[in-house]
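Enquirer: need the 3D shape of this:
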Amino acid sequence: MKAVDKLIQRQKLTKEEFIEILKQQDDPDIRELLKEEAVRLRKHYYGTKVFTRGLIEFTNHCKNDCYYCGIRRSNKNAKRFRLSQEDILACCENGYELGFRTFVLQGGEDVWYTDEKLVEIIRRIKTLYPECAVTLSVGEKSYESYKAYKEAGADRYLLRHETADEQHYGVLHPAEMSLANRKQCLYDLKKLGYQVGAGFMVGSPGQSVETLAEDLLFLQELQPQMVGIGPFIPHHDTCFAEKSAGSVEETLFLLSVIRILLPTVLLPATTALGTMDPQGREKGLLAGANVVMPNLSPIKTRKQYDLYDNKICTGEEAAECRECLDKRIESVGYQLVNERGDAVL
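Expert: A predicted model of the protein is given here:
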């Protein structure tokens, strides 16, 4: 049986079979076959609904020095900011009025935000908006910290693994960071009952079909409820400034593969896709994605949360233009909905 047929029929492959599929991504017949199956599965489980997540980027301070990231510790040119608890709650109030029922608190690994501070913020949001989901994306923490956030009311946690290949991880991160710890965090989150999100950049420096196959194997093993992928985009203040950006087409191909591999996954059409291609998010939805994440952060700080160059942060990407986003998504046959948008079990 060919690997592509086995993926569709069984959703379980070996590394060699994933490599076989990845090497066929330029075959238009294979691309179309996988895209059609991805859309079929997406509509089977979620219909034509597109779930929105209100993204609140609340700090760009970070103790880590990931080589690809514009807010890395050693970037002296980054203009640092932190939102207060009241700022964050104002973002939630605005988002709730716009119809958002999931708030994503995303930030660098900022030690100023102690567990106590984060727990208080989570509790306040859940008290004010009990029917809304709270998603955290604040990096690697201890099991005890994750447990405290969960007990405070956090529902989901996003932690991209970035690469599941040990050597490639070392290309992207300094020696004090470890893939083993990143993976352990994801397993801790699953054990605690979070809806968990992993993911990776497409086209990052040092990536190959072999490393991508490791990523897909890891997703197959982890079985996360969410997967975030987007093209690598270089940032001018990093050592990868001169590297080429990842491919929109390869990202779309991988969105289809991931939808088939994990049929009920919550799969965003990411900001990076929209940055690389004005129609990127629509194309992502047509490849199997079912989530968009408009920005609820204060306009004055959006440009400062600068993970990569030319990141879109105003206009239709932003939450205020909900009506514009509605129309764009309707133009490709889908509908934005005002729901929490939990993963189908």
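Enquirer: beta-bridge partners for Phe200, please?
Expert: Beta-bridge pairing of Phe200 under DSSP bridges involves Glu162, Ile229.
Enquirer: report the contact partners of it.
Expert: Phe200 makes contacts with Arg160, His161, Glu162, Thr163, Ala164, Asp215, Ile229, as judged by Cβ atoms under 8 Å, 6 or more residues apart in numbering. Where you see a C-beta, it was placed from the backbone N, CA and C, and this is true even at glycine.
Enquirer: tell me which two of these sit farthest apart.
Expert: Ala164 and Ile229 (12.7 Å; Cβ to Cβ).
Enquirer: ok, back up a step: show me which of the contacts of Phe200 is closest to Leu189.
Expert: For these, the residue nearest Leu189 by Cβ to Cβ is His161; the value is 11.7 Å.
Enquirer: which secondary structure element contains the residue nearest to that closest one when sequence neighbours are not counted?
Expert: Distances taken as Cβ to Cβ, 6 or more residues apart in numbering place Ala198 nearest to His161, at 4.9 Å, with adjacent residues excluded. Per DSSP states H and E: Ala198 is located in strand 195-202.
Enquirer: pLDDT on that strand, on average?
Expert: For strand 195-202, mean pLDDT rounds to 98.
Enquirer: determine which residue lies closest to the centroid of this protein.
Expert: The centroid of the chain falls nearest to Gly228 when counting by Cα atoms, centre = their mean (3.1 Å).
Enquirer: now that residue: closest residue in space that isn't a chain neighbour?
Expert: Gly199 (3.6 Å).
Enquirer: ditto for Glu339
Expert: Using Cβ to Cβ, 6+ apart, the closest residue to Glu339 is Arg101 (5.7 Å).
Enquirer: kindly report the same for Val104.
Expert: Using Cβ to Cβ, 6+ apart, the closest residue to Val104 is Thr135 (4.3 Å).
Enquirer: which stretches in the stretch 51-200 of the chain count as strands?
Expert: For the stretch 51-200 of the chain, strands defined by DSSP state E, counting those that start in this stretch occupy the ranges 54-59, 102-107, 133-137, 156-158, 195-202.
Enquirer: run through who's touching the third one.
Expert: Looking back up the chat, that one is strand 133-137. Counting by Cβ under 8 Å, 6+ apart, residues outside strand 133-137 touching it are 53, 101-107, 118, 122, 125-126, 149, 153-159, 197, 340-342.
Enquirer: buried only: go through those residues for me.
Expert: When the contacts of strand 133-137 are checked for burial by 16 or more other Cβ atoms under 10 Å, the buried set is 53, 101-107, 118, 122, 125-126, 149, 153-159, 197, 341.
Enquirer: hey, where'd the helices end up in this structure?
Expert: 3-10, 15-22, 28-46, 85-98, 115-128, 143-152, 166-172, 179-191, 209-222, 248-261, 271-276, 280-286, 299-302, 322-330 (DSSP state H).
Enquirer: quick one, which of the strands of the stretch 51-200 of the chain gets closest to Lys12.
Expert: strand 195-202 (17.4 Å).
Enquirer: any chance of the contacts of Phe200 in TSV, with pLDDT and neighbour count too?
Expert: Formatted as TSV, those follow (pLDDT from 0 to 100; neighbours: other Cβ atoms under 10 Å):
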residue	pLDDT	neighbour count
Arg160	98	18
His161	98	22
Glu162	97	21
Thr163	98	25
Ala164	98	23
Asp215	98	26
Ile229	97	25
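Enquirer: many thanks, we can stop here.
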